[in-house]
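A.B. asks: the following comprises the amino acid sequence and a computationally predicted model.
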Amino acid sequence: MGTETSLGSEATQARPAPTLEMVAALAGVSRATVSRVVNGSPSVAPELVQSVEQAVRTLNYVPNRAARTLASRRTYTVTLLVPESTSKVFADPFFATVVEGVAKYLNSTDYMLNMVTSSEANPGKTQRYLMGGNVDGVLVVSHHSGDHSWEHLSDALPMVFAGRPLVNARDSYYVEVDNEEGALAAVQHLIDSGRRSIATIAGPQDMPPGIDRLAGWRAGLTRAGLDDALVEVGDFTVASGAAAMRRLLDRGKPFDGLFAANDQMAAGAHAVLKERGVKIPEDIAVVGFDDDQFATRVSPALTTVHHPIAELGEKMARMLVELIEGRASERVCRLPTSLVVRESA
């Protein structure tokens, strides 16, 4: 029995791995057809795809990634490029949620994900890496108008942006939330609750979300015939929200509502209001944007605009893979927002 077991084991080990030709023979199709199916080509008839996939399952065929890479000149790797400092990336739940969405889609494909944080002190380093044949495409998140790390890369690599880029937007592929409409809904909620002097802590004005959310706040006030002079700008961090709140209060001009362009800045403002003895929402009602963990960490919890961040990441990844593989893809995808009402407003 021991000898038989040993011989059986050796026979199993010696059995050749299934090949593309074996799959083709079992499926009754050409080797080229199997190759197209394995590589996800949309040009194969559905009935042939079904036959090939059945043969792949029967033979337990595993495509040779190295051979596929040589044949297609693909690396099966995409990069998530974040032109921000590493400390900011790891402090902001937005980025983790984007990665969650990207990974969810890529898990259904052969593509792997890596992440690069880029400093404007040395944008050439990032460009050399991305142009060096290391990746098949790039997802750009949290970009600013003055960034150079991804400049001109779209001529050589498929790229998808989170939010429209402020340069070459007409030719770019991007997924964005309806920032302006979301901010408008936040302001309308404050107005509907009886607030008549509404300040804002705007986001950076070199980023699409900062620009669009400020525009939505202003549109809401203009529509209601209210003053839009109470503006301070932050950088989407808690500390910047606190500093902006102090500046607003120190102006000495009373206001009874606040729209902060993200929940982190709203949380910073929230802390300062409590320090100054201002009651929320009795004295000043506060609305944020994103609906992330900062919205429920504070007390009273923040009314905020829900930003479908994970879905944004998933849509970006899908769009990028479609571009890499030469499939039809929409150029712009805009996701809706919704207002989440809690105790702060």
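C.D. replies: Yep, that arrived.
A.B. asks: only C-alpha atoms from now on, for both contacts and neighbour counts.
C.D. replies: Fine.
A.B. asks: quick one: low-confidence ranges for the protein?
C.D. replies: 1-16, 39-42, 63-72, 119-121, 148-152, 168-169 (pLDDT under 70).
A.B. asks: and the strands in it, which stretches?
C.D. replies: 77-82, 112-117, 137-140, 159-162, 173-177, 198-202, 231-233, 257-260, 285-290, 303-306, 332-335, 338-340 (DSSP state E).
A.B. asks: residues in contact with the third one?
C.D. replies: Spelled out, that is strand 137-140. 77-83, 150, 157-162, 316-317, 320-321, 324 (C-alpha atoms under 8 Å, 6 or more residues apart in numbering).
A.B. asks: neighbouring strands for that strand, and are they parallel or not?
C.D. replies: Strand pairing for strand 137-140, determined by DSSP bridges: strand 77-82 (parallel), strand 159-162 (parallel).
A.B. asks: starting at the chain centroid, how far to it?
C.D. replies: Relative to the chain's own centre, strand 137-140 is displaced by 10 Å; criterion: C-alpha atoms, centre = their mean, to the nearest Å.
A.B. asks: could you measure P204 against D235, distance?
C.D. replies: According to C-alpha to C-alpha, to the nearest Å, P204 stands 5 Å off from D235.
A.B. asks: over to D171?
C.D. replies: D171 is 27 Å from D235, where distance means C-alpha to C-alpha.
A.B. asks: give me the more crowded residue out of those two.
C.D. replies: Using other C-alpha atoms under 10 Å, the more surrounded residue of D171 and D235 is D235, with 20 against 10.
A.B. asks: right, and that one touches D206 too?
C.D. replies: No: if you go by C-alpha atoms under 8 Å, D235 and D206 don't touch, sitting 10.1 Å apart.
A.B. asks: what about the helices in the chain?
C.D. replies: Along the chain, counting by DSSP state H, helices occupy 2-14, 20-27, 31-38, 46-59, 65-72, 86-91, 93-106, 123-131, 179-192, 208-224, 238-250, 263-275, 293-297, 309-324.
A.B. asks: just put those helices in JSON lines and tack on distance to V341 and mean neighbour count.
C.D. replies: Output for those, formatted as JSON lines (distance: least, C-alpha to C-alpha, whole Å; neighbours: other C-alpha atoms under 10 Å):
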{"stretch": "helix 2-14", "distance to V341": "63", "mean neighbour count": "10"}
{"stretch": "helix 20-27", "distance to V341": "57", "mean neighbour count": "19"}
{"stretch": "helix 31-38", "distance to V341": "48", "mean neighbour count": "18"}
{"stretch": "helix 46-59", "distance to V341": "47", "mean neighbour count": "16"}
{"stretch": "helix 65-72", "distance to V341": "49", "mean neighbour count": "12"}
{"stretch": "helix 86-91", "distance to V341": "25", "mean neighbour count": "12"}
{"stretch": "helix 93-106", "distance to V341": "20", "mean neighbour count": "19"}
{"stretch": "helix 123-131", "distance to V341": "41", "mean neighbour count": "16"}
{"stretch": "helix 179-192", "distance to V341": "9", "mean neighbour count": "23"}
{"stretch": "helix 208-224", "distance to V341": "17", "mean neighbour count": "21"}
{"stretch": "helix 238-250", "distance to V341": "21", "mean neighbour count": "20"}
{"stretch": "helix 263-275", "distance to V341": "13", "mean neighbour count": "23"}
{"stretch": "helix 293-297", "distance to V341": "11", "mean neighbour count": "17"}
{"stretch": "helix 309-324", "distance to V341": "18", "mean neighbour count": "23"}
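A.B. asks: to H143, which of those lies closest?
C.D. replies: helix 208-224 (8.5 Å; C-alpha to C-alpha).
A.B. asks: how far does the closest one sit from its chain's centre?
C.D. replies: 22 Å.
A.B. asks: dump it to PDB, restricted to CA.
C.D. replies: What follows is helix 208-224, C-alpha atoms only, in PDB (Å, rounded to 0.1, in the frame of the first residue of the first chain):
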ATOM      1  CA  PRO A 208     -12.800  70.800  -7.500                       C
ATOM      2  CA  PRO A 209     -14.700  69.800  -4.300                       C
ATOM      3  CA  GLY A 210     -13.600  73.000  -2.600                       C
ATOM      4  CA  ILE A 211     -14.700  75.200  -5.500                       C
ATOM      5  CA  ASP A 212     -18.000  73.400  -6.200                       C
ATOM      6  CA  ARG A 213     -19.100  73.200  -2.500                       C
ATOM      7  CA  LEU A 214     -18.500  76.900  -2.100                       C
ATOM      8  CA  ALA A 215     -20.500  77.500  -5.300                       C
ATOM      9  CA  GLY A 216     -23.400  75.500  -4.000                       C
ATOM     10  CA  TRP A 217     -23.400  77.400  -0.700                       C
ATOM     11  CA  ARG A 218     -23.400  80.700  -2.500                       C
ATOM     12  CA  ALA A 219     -26.100  79.600  -4.900                       C
ATOM     13  CA  GLY A 220     -28.400  78.600  -2.000                       C
ATOM     14  CA  LEU A 221     -27.900  82.000  -0.300                       C
ATOM     15  CA  THR A 222     -28.400  83.900  -3.500                       C
ATOM     16  CA  ARG A 223     -31.600  82.100  -4.200                       C
ATOM     17  CA  ALA A 224     -32.900  83.000  -0.800                       C
END
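A.B. asks: for it, name the packing helices and strands.
C.D. replies: For helix 208-224, the packing partners by 3 or more C-alpha pairs under 8 Å, 6 or more residues apart in numbering; DSSP states H and E come out as helix 179-192, strand 198-202.
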